[in-house]
Structures are given as structure tokens and as C-alpha cells.
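J.: coords below, sequence missing:
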């Protein structure tokens, strides 16, 4: 059974940083992709960044370019989302999702983890 566990959310002031983690287990393939998505109150879920198990990165959201980075530690089956220079508009529940096609197709997420809330506020 594929399971994803997101963690690391919290409250931070504008301009601050947070690192989210997504621990994956039970993925039956060596090649897959993990994406980070977010959903702000009253808005639909949007893709943020995605990384394949081989390290290829896809940026879904132009608004995070230069501020957010994604990385993976295959030995720990964990994907990280490093967020810097956070803005109030980054406030959302962040989810990680597994794409077993390894294509980082924003519409092809097969499994979702529980969300972790990020609040950017002074």
C-alpha cells in the first residue's frame, strides 16, 4: 500500500522559510515522481513542484520560482520542499502526491498524502 506522510508545516512570518517533508512508503516501482501541491482557502488545488526519483524537476507554479526548491533523498524515500521568502499568498494546505508514471504530470497523481498547513502571517 502506497502511503505518503507530509510534515513540516506551521506558521511563519512573511520573508521566512520552512521545509516540508514527504515520506513515501510502499511505492512498487523504482521510477516514480512526487509532487507538491497546495490548496488555499476558497481556491482549487494547484501544483507547485515535482521531482522524479531520478531527479528531474518540473515547476508547476511560476509564482514559486526562485523561492521554492524541491529535492529528494532516495535512501530515505523522502522528498523535501524548501520554501524561502514566504509570502502571505503562500498560505495554504500543502499536499504531496505520487505519480507512478514518473512523468510529473500534474493531472496524473495516483496517491495523496494528508496535507500540512502553512500559514504566512505577521
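T.: Cool, the structure landed. Treat the numbers as computed from the prediction; the structure is a model and nothing was measured. Numbers count the residues shown, from 1 in each chain.
J.: The spatially most central residue of the chain and residue 61, how far apart?
T.: The geometric centre of the chain, computed from its C-alpha atoms, lies nearest to residue 36 (C-alpha atoms, centre = their mean), at 2.1 Å. Residue 36 is 9 Å from residue 61, where distance means C-beta to C-beta, to the nearest Å. Where C-beta positions appear, they are placed from N, C-alpha and C, glycine not excepted.
J.: picking that back up, partners of the residue nearest to the centre of the chain in the sheet?
T.: When assigned by DSSP bridges, residue 36 has beta-bridge partners residue 49, residue 96.
J.: For it, which residues are in contact?
T.: Contact partners of residue 36, counting by C-beta atoms under 8 Å, 6 or more residues apart in numbering, are 20, 22, 47-50, 70, 79, 81, 94-96.
J.: run the last query once more with 6 Å
T.: For residue 36, the contacting residues are 48-49, 81, 96, by C-beta atoms under 6 Å, 6 or more residues apart in numbering.
J.: How about residue 18?
T.: So residue 18 contacts 12, 83 (C-beta under 6 Å, 6+ apart).
J.: So what's the residue count around residue 117?
T.: By the criterion of other C-beta atoms under 10 Å, residue 117 has 11 neighbours.
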